[in-house]
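1. Generate a structure from the sequence data that follows.
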Amino acid sequence: MKATSRYLLLCILLAAGTTLRAQVDTTYRTQPDTAPRVSDTSRHQKDSTGRHKVAMFLPLYLDSAFDASNNYRYDKSFPKFINPGLEFYEGAQLALDSLEKENARLDVHVYDTRSGAIAQVLQNPEFQGTELIIGQISSSGEMQHLASAAAQMNIPFINVNFPNDGGITNNPEFVILNSTLRTHCEGIYRFIQRNYPTKPVVLFRKKGAQENRLNTYFDDITRTTNSVPLKIKYVTLDDAFDANELTPHLDSSTQTICIAGSLDENFARMLCQSLASVNQTYTTLIIGMPTWDNIDFSKPELKGEEIIYSTPFYINPTDNLVRSIQQYFKIKFYSRPSDMVFRGYETTYRFSKQLLHIGGKGLGGSLGDKKFKVFTDFDIQPVFLNRQNMTLDYFENKKLYFIKKLDGNVTGVY
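-> Residues are numbered from 1 along each chain as shown. Now for the predicted structure:
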């Protein structure tokens with residue numbers, strides 16, 4: 001998108017002050033006021049106009065983009081750190097346009113998490129009556145504030161992007177859409193069990209606390225699996241490893257399944273490049289982490305290497321709605337929508353529809369309802385961290401897509 005287009009959108013947000021009334025019968029809040037603590041009497045209550053209230057927390061960075069005199073700080077440029085929140089906002093706006101055409105009665109309050117303390121927002125009287133919280137989170141602290149408010153008010157908090165529970169337990173109102181690392185490990189393990197049960201499996205890793213945690217996850221899954229456990233060989237590599245350190249652990253007579261046991265993207269690139277350099281002798285399939293979605297696998301040095309990685313979000317390029325949004329961005333902004341635009345659309349539309357469908361009586365029992373699918377087959381399941389007392393700690397999206405790439409091209413989605 002052109003910088004000028006996004007600059008104008010930021011200006012609209014700033015000029016809105018505390019309220020922006022849009023065509024979609026929606027209210028956007030960007031600057032919170034200080035007021036007494038919200039009370040429990042606001043649970044699941046529509047306002048006097050009969051609309052249902054949604055609160056959306058996004059990192060829009062309005063205070064960083066504009067000075068005290070409301071002058072834009074960056075001239076004709078557009079800083080990258082503003083993109084994720086604004087792109088999500090763009091997608092949410094498109095979803096609200098769609099909902100308006102369906103005569104949806106919604107009040108959506110948008111709060112800029114970078115322009116004021118979340119604790120202040122939660123004390124704002126305008127926050128009373130909120131029936132659904134959607135959050136694009138930047139830290140575990142933000143997540144804990146919103147999860148605590150959701151628990152107090154008995155309303156769902158949809159954590160859109162943070163792939164972590166932040167230590168939150170015993171909170172059935174907390175929903176993680178961007179699946180946790182443990183869920184990815186469980187998904188990778190089952191994927192190999194289903195598709196390559198007899199192949200040798202090697203997990204290559206580097207030294208590090210995060211890598212140790214990944215090891216622990218795979219070890220735990222091996223001990224508790226209901227199917228035949230995988231015989232995973234763990235290999236710790238030096239920082240400056242090359243193909244010579246990998247080949248002793250590969251089998252020249254059959255395909256070796258190589259798990260990249262690290263989220264480090266530099267490690268991922270080195271591993272893929274080293275394995276690709278010997279793939280004429282050693283046939284391998286590399287299975288990587290969700291962070292690999294951002295890696296360019298079309299490099300010549302990766303030619304011929306099959307790579308698979310897991311992701312909880314998949315945008316099908318042949319989907320009619322996807323094409324429609326792409327065409328809209330091409331005509332209006334001379335650009336392509338990012339994944340965060342689609343996530344903003346999907347989250348806003350799906351969970352708003354669920355809220356409207358149940359009439360504000362509490363979303364908890366219908367969180368897993370697939371009736372309002374947009375792009376992603378979310379599989380929202382309860383999580384019990386302690387199986388002895390069986391306390392429901394939160395809900396999490398357990399659906400993972402496995403993207404297979406060859407020479408940078410998607411050759412399969414599982």
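
2. per the record, what domains does the chain have?
-> Listed by automatic domain parsing, the domain ranges of the chain are 3-178+318-378, 181-311+402-413.

3. shaky segments in the stretch 251-400 of the chain?
-> Within the stretch 251-400 of the chain, the stretches with pLDDT under 70 are 359-365.

4. Check the secondary structure at Gly412 for me.
-> strand (DSSP: H, G, I helix; E, B strand; the rest coil).

5. Figure out which of the domains of the chain is closest to Tyr394.
-> Of all these, it is domain 3-178+318-378 that lies closest to Tyr394, at 4.0 Å by CB to CB. For the C-beta atoms, the positions are set from N, CA and C on the backbone; glycine is no exception.

6. Return the distance of the closest one from the chain's centre.
-> For domain 3-178+318-378, the separation from the chain centroid amounts to 14 Å (computed by CA atoms, centre = their mean, to the nearest Å).

7. do stretch 192-211 as well
-> 24 Å.

8. re the thing from before, can you redo the domains of the chain as CSV with distance to Thr391 and mean neighbour count?
-> Formatted as CSV, those follow (distance: least, CB to CB, whole Å; neighbours: other CB atoms under 10 Å):
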stretch, distance to Thr391, mean neighbour count
domain 3-178+318-378, 5, 18
domain 181-311+402-413, 18, 17
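
9. Could you point out which of those domains sits nearest Asp393?
-> That would be domain 3-178+318-378 among the domains of the chain, by CB to CB, at 4.5 Å.

10. would a markdown table of the domains of the chain with distance to Tyr394 be doable?
-> Putting the domains of the chain into a markdown table (distance: least, CB to CB, whole Å) gives the following:
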| stretch | distance to Tyr394 |
| --- | --- |
| domain 3-178+318-378 | 4 |
| domain 181-311+402-413 | 12 |
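
11. Phe384 is nearest to which of those?
-> Proximity to Phe384 (CB to CB) singles out domain 3-178+318-378 among the domains of the chain, at 10.0 Å.

12. Go through the domains of the chain and name the closest to Leu385.
-> Closest approach to Leu385 among the domains of the chain is made by domain 3-178+318-378 (6.2 Å; CB to CB).

13. Am I right that Pro229 is in contact with Thr222?
-> Yes: in terms of CB atoms under 8 Å, Pro229 counts as a neighbour of Thr222; the distance is 4.7 Å.

14. contacting residues around Arg223?
-> Pro229 (CB atoms under 8 Å, 6 or more residues apart in numbering).

15. Now do it against Thr283, distance only.
-> From Arg223 across to Thr283, the span is 30 Å (CB to CB, to the nearest Å).

16. now Thr130
-> With distances taken as CB to CB, Thr130 is found 55 Å from Thr283.

17. what do you get for Ala147?
-> As for Ala147, its distance to Thr283 is 46 Å (criterion: CB to CB).

18. ditto for Asn164
-> The value you get for Asn164 to Thr283, if CB to CB is used, is 36 Å.

19. With Tyr394 instead?
-> From Tyr394 to Thr283 the distance is 41 Å (CB to CB).

20. Likewise for Val110?
-> Val110 is 51 Å from Thr283, by CB to CB.

21. same question, Thr222
-> 24 Å.
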